[in-house]
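J.: 3D model of this:
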Amino acid sequence: MRRRPTLALLAILLALAVAGVVPGVAQDKPRSGGELVFVVPSEPPSCDGHQEETFGVTHPVAPHYNTLLRVDPNDKTGTKPVGDLAESWTVSKDQLTYTFKIRKGVKFHDGSEMTSKDIKASYDKILKPPAGVKSLRKEAYEAIASIDAPDPTTFVVKLKYPEGSILLNLASPWNFIYKADILAKDPHYYEKHIMGTGPFKFVEHVKGSHWIGKKNPDYWDKGKPYLDGYRAIFISNSAAQVAAIRGERAMIQFRGFSPPERDQLQQALGAKLTVQESPWDCVNFVSMHHEKKPFDDKRVRRALSLALDRYEGSKALSKITLVKDVAGIVVPGTPWATPPAELEKLAGYGKDIAANRAEAKRLLKEAGAENLSFTYKNRGVAMPYEPLAVWVIDQWRQIGVTVKQEVVEAAAYYATLRGGDFEVAADFQCGFIVEPDLDIYKFQSASISHANYSRYEDKTLDDLFVKQARAIDAEERKKALRAFEKRLLDEEVHYIYTLQWHRIIPHSAKMRGWTITPSHYLNQQLDTVWLTD
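T.: Below you'll find the model as predicted:
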C-alpha cells in the first residue's frame, strides 16, 4: 500500500520545484526537438580546430565533430577523460603504450565510414603538420614517440616516457577528427569546410550574422542529439549580448558574463533564468621583459608582486568584472590546486599588506629603483583587462612606482608581446582543460616556450616542469608543482599572477543538459543539451 506524502515532504518538494530541481519528474527527462539559439562574441578565423585558439571556433564548430576522447560533459571540474570515438582503452604496465578500441559504425556526414585511419591522419596533422599548415598544439605532444592504426578499430599511441597528462591531452576539444582521404588531397580543406562525424551537420555560415547546424539523424550515439538544430548568432558588443538573452532572442552565451550583467539578467528574467558559476581556467598575469632594465633584477620583480593586495582586490573586482579567486598556477578547487594556507607563503600572497609593501619599498631602494617608472601595455579588451589595469597601477602607486598605461588594440596585441615591444605588459593564459602541463607550459625558458613573453632562461624551472609532467604518483607530482610554483612566483618572480577568472553563465531555464566547467572551450558538442516545453 502506497503511503501518502506528509505535509513536510510536500513542502520540501514544493521548495525544490521552485528551485527547478525536483528529482525524478518527467520534466527532467531529456526530450527531443527544438533549436538552441546562442550568442558567440567572436567569429572563427578559420574552421580548423587544429590551428586555432579562440572560442569563436569551438562554440559554433565543435558540434560538427567528435574527438578521440572528451572530458566528461557532466564533470564540473573539467578533469575526467571519457571515450568519444574511442570506445575503451588499455595501458601497458610500463605506461608507455595506450591502445584505443575505436567505435564501429561511425559515419562521416557524407555517409562514409570512419575508422582508425582517420584518427591517425588527424593526429599526424597535429603532431607533424605538412609544410604551410599550422598546428598550435604539437608541442603539447612531445612525449609521443609514435602513433599507429594497425586495423580499422585500433589506434595505438606509444610514448617516449610516462606522462600523467596524456589522456587529458588526447581529450583536447580542439582535436577534431577529420577524414583521412580529404586530408591526403588537401591539408587546408578544413580551414574553410566542414566534414565531421559529430551530432550536428553543417547548414550555413553567414559571416557577421550566424552559423546553423542541424541534427545528424545517423549519429552513432543513438537517441542523440536531442536538439533538432542550433543557431549561433555572432554579437561582439557585450551590451547587445545581454539584450539578446534578456529579450529571449537567445538562450545562452557560453563564454561568460560579468557579475553586473548576471544581476541585470536575473532582475529582468527571474525564474526564467538559470545561473551556473565556476572557477575559470583563465588568469591574467604581468609579464616583465627580463632583457630590459631594471626588470632583469628579481628584487624589482618581487617588489611589484609584493605591492598587490590580492585579497582586497578580489573583493572589489569580483563585483564588477570576471575575476575573483586568489590563486597560484592551478585553478582553485581542482585536484592539483595549491591549498590557500600554503599559497600565503609566496611573495605577494601574505595577508599583511603593510609588511608586504614595506618590504617592496626596501627592495626597490636596494636595487636602485626607488623612483621606478614605466609604461604598462594593456590588451584592448574591456573585461577584465581595463579594471585589472586600473587596479594594478593603483597598487604600484602605493609603493611609489609611477606607471603610464598604453592600450594596444586586441588584434595587434599578440604582435606586441611576441615582438618584445614592452617593458611590462598584461599577459594571460586560458586553458582548454584543467591540467598542469597545459596550464604552465608557457613558463618554461624562452628557448623552449615561444609563449614565454618575459624572455628568461631558467633551467631549474625547466627541470621542474619535466619532473612534474613525468610524475606518475600524485603526491610526487604535487611536490614538483609546488616547487615549480615557488620558483616561478616567489624565488625568481618571473611573472606576477593577478586574480583567477570566474565564469558566470546565465541562461534560459528552458535549456537543460549542459554543465559548466572551468574552461569555455569544453562541453560544446551540444549532444547532451535539450529544451523543455
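
J.: now Lys319. Its backbone dihedrals?
T.: Main-chain torsions, Lys319, degrees, to the nearest 10: phi -80, psi -20.

J.: swap in Ser116?
T.: The phi/psi pair for Ser116 (degrees, to the nearest 10) is phi -60, psi -20.

J.: ok, now Ala410?
T.: Given degrees, to the nearest 10, the pair of backbone angles that Ala410 has is phi -50, psi -40.

J.: spit out the contact partners of the nearest residue to it once chain neighbours are set aside.
T.: Counting by C-beta to C-beta, 6 or more residues apart in numbering, Ala410 lies nearest to Gly380, which is 4.7 Å off, once chain neighbours are set aside. Quick note: C-beta positions are derived from backbone N, CA and C, even for glycine. With contact set as C-beta atoms under 8 Å, 6 or more residues apart in numbering, Gly380 has these partners: 407-410, 413.

J.: tell me the buried residues within the residues you listed.
T.: Among the contacts of Gly380, those buried by neighbour count (16 or more other C-beta atoms under 10 Å) are 407-408, 413.

J.: tabulate those (a markdown table), appending distance to Leu36 and secondary structure.
T.: Putting the buried ones among the contacts of Gly380 into a markdown table (distance: C-beta to C-beta, whole Å; DSSP: H, G, I helix; E, B strand; the rest coil) gives the following:
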| residue | distance to Leu36 | secondary structure |
| --- | --- | --- |
| Val407 | 36 | strand |
| Val408 | 36 | strand |
| Tyr413 | 32 | helix |
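
J.: from those residues, which single one is nearest Lys117?
T.: Using C-beta to C-beta, Tyr413 comes nearest to Lys117 of the buried ones among the contacts of Gly380, at 40.2 Å.

J.: my guess is that closest one contacts Arg379. True?
T.: Yes: checked against C-beta atoms under 8 Å, the pair Tyr413 and Arg379 is within contact range at 4.6 Å.

J.: how much space between the residue nearest to Lys138 when sequence neighbours are not counted and Lys442?
T.: Take Lys138 and drop its neighbours on the chain: the residue closest to it by C-beta to C-beta, 6+ apart is Leu127, 5.6 Å away. According to C-beta to C-beta, to the nearest Å, Leu127 stands 20 Å off from Lys442.

J.: rewinding a little: check pLDDT for the contacts of Gly380 and point me to the minimum.
T.: In terms of pLDDT, Ala410 ranks lowest among the contacts of Gly380, with 77.

J.: check contacts around it.
T.: 379-381.

J.: from Gln264, how far off is Leu273?
T.: In terms of C-beta to C-beta, Leu273 sits 11 Å off from Gln264.

J.: which of the contacts of Ala410 fall in strands?
T.: Within the contacts of Ala410, residues falling in strands by DSSP state E are 379-380.

J.: ok, of the contacts of Ala410, which one's closest to Asp394?
T.: Taking those together and measuring to Asp394 by C-beta to C-beta, the closest member is Arg379, at 18.5 Å.

J.: how near is that closest one to Gln51?
T.: Using C-beta to C-beta, one obtains 22 Å as the distance from Arg379 to Gln51.

J.: ok, Trp211 next?
T.: 18 Å.

J.: neighbour-wise, which of the two wins?
T.: Trp211 (26 against 21; other C-beta atoms under 10 Å).

J.: contact partners of the host helix or strand of the more buried one?
T.: Element membership for Trp211 (DSSP states H and E) is strand 210-215. By C-beta under 8 Å, 6+ apart, the residues outside strand 210-215 that reach it are 40, 60-61, 63-64, 199-205, 225, 227-234.

J.: let's go with 10 Å and repeat that
T.: With contacts defined as C-beta atoms under 10 Å, 6 or more residues apart in numbering, strand 210-215 is touched by 32-33, 35-38, 40, 43-44, 47, 59-64, 194, 198-206, 224-234, 526.

J.: following element in sequence after it, please.
T.: That would be, after strand 210-215 and using DSSP H and E, strand 229-234.

J.: which elements pack onto that next one?
T.: Applying 3 or more C-beta pairs under 10 Å, 6 or more residues apart in numbering; DSSP states H and E, we find strand 229-234 packed against strand 35-40, helix 55-61, strand 200-206, strand 210-215.

J.: what pairs with that strand, and is each one parallel or antiparallel?
T.: strand 35-40 (parallel), strand 210-215 (antiparallel) (DSSP bridges).

J.: would TSV of these with distance to Asp181 and mean pLDDT be doable?
T.: Output for those, formatted as TSV (distance: least, C-beta to C-beta, whole Å; pLDDT from 0 to 100):
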stretch	distance to Asp181	mean pLDDT
strand 35-40	30	97
strand 210-215	23	98
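
J.: and those: which comes nearest Gly78?
T.: Among the strands paired with strand 229-234, strand 35-40 comes nearest to Gly78, with 19.5 Å by C-beta to C-beta.

J.: run the chain-centre distance for that closest one.
T.: 20 Å (C-alpha atoms, centre = their mean, to the nearest Å).

J.: in it, which residues are buried?
T.: For strand 35-40, by 16+ other C-beta under 10 Å, it's 36-40.

J.: and these, which is closest to Lys351?
T.: Val39 (39.3 Å).

J.: got phi/psi on the residue lying closest to the closest one once chain neighbours are set aside?
T.: The spatial neighbour of Val39 that comes closest, neighbours along the chain excluded (C-beta to C-beta, 6+ apart), is Gln253 at 4.0 Å. When read as degrees, to the nearest 10, the backbone of Gln253 gives phi -120, psi 120.

J.: cool, Ser305 as well?
T.: phi -70, psi -40.

J.: wait, it touches Ala360, no?
T.: Yes: the pair Ser305 / Ala360 is scored as a contact, 8.2 Å apart, by C-beta atoms under 10 Å.

J.: which residues are in contact with each of the two?
T.: 347-348, 395.

J.: re earlier: Arg455: which of the contacts of Gly380 is nearest?
T.: Arg455 has its nearest neighbour among the contacts of Gly380 in Tyr413, at 16.7 Å by C-beta to C-beta.

J.: so what's that closest one up against?
T.: Contacts for Tyr413 (C-beta under 10 Å, 6+ apart) come out as 377-381, 385, 407, 425-428.

J.: any chance of the residues you listed in CSV, with distance to Gly164 too?
T.: Converted to CSV, those look like this (distance: C-beta to C-beta, whole Å):
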residue, distance to Gly164
Lys377, 36
Asn378, 36
Arg379, 33
Gly380, 38
Val381, 34
Tyr385, 33
Val407, 40
Ala425, 32
Ala426, 31
Asp427, 26
Phe428, 25
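
J.: any idea which of those residues is least confident?
T.: Val381 (82).

J.: for it, which non-adjacent residue is spatially closest?
T.: Closest to Val381 by C-beta to C-beta, 6+ apart is Ala410, at 5.2 Å.

J.: pull up the gap between the one you found and Gly208, please.
T.: Counting by C-beta to C-beta - Ala410 and Gly208 are separated by 18 Å.

J.: likewise Trp396?
T.: For Trp396, the distance to Gly208 - C-beta to C-beta - is 40 Å.

J.: between those two, which one's more packed in?
T.: With neighbours defined as other C-beta under 10 Å, Trp396 and Gly208 compare such that Trp396 has more, 23 against 7.

J.: which residues does that one contact?
T.: For Trp396, the contacting residues are 286, 303-304, 307-308, 360, 372-374, 376, 402-403, 424, by C-beta under 10 Å, 6+ apart.

J.: would you confirm that it belongs to a helix?
T.: Yes: according to DSSP: H, G, I helix; E, B strand; the rest coil, the state of Trp396 is that of a helix.

J.: state the pLDDT value of it.
T.: 98.

J.: pull out the buried positions in whichever strand or helix holds Ala354.
T.: Per DSSP H and E, Ala354 falls inside helix 353-366. For helix 353-366, the buried set under the neighbour-count rule, 16+ other C-beta under 10 Å, comprises 353, 356-357, 359-361, 363-364.
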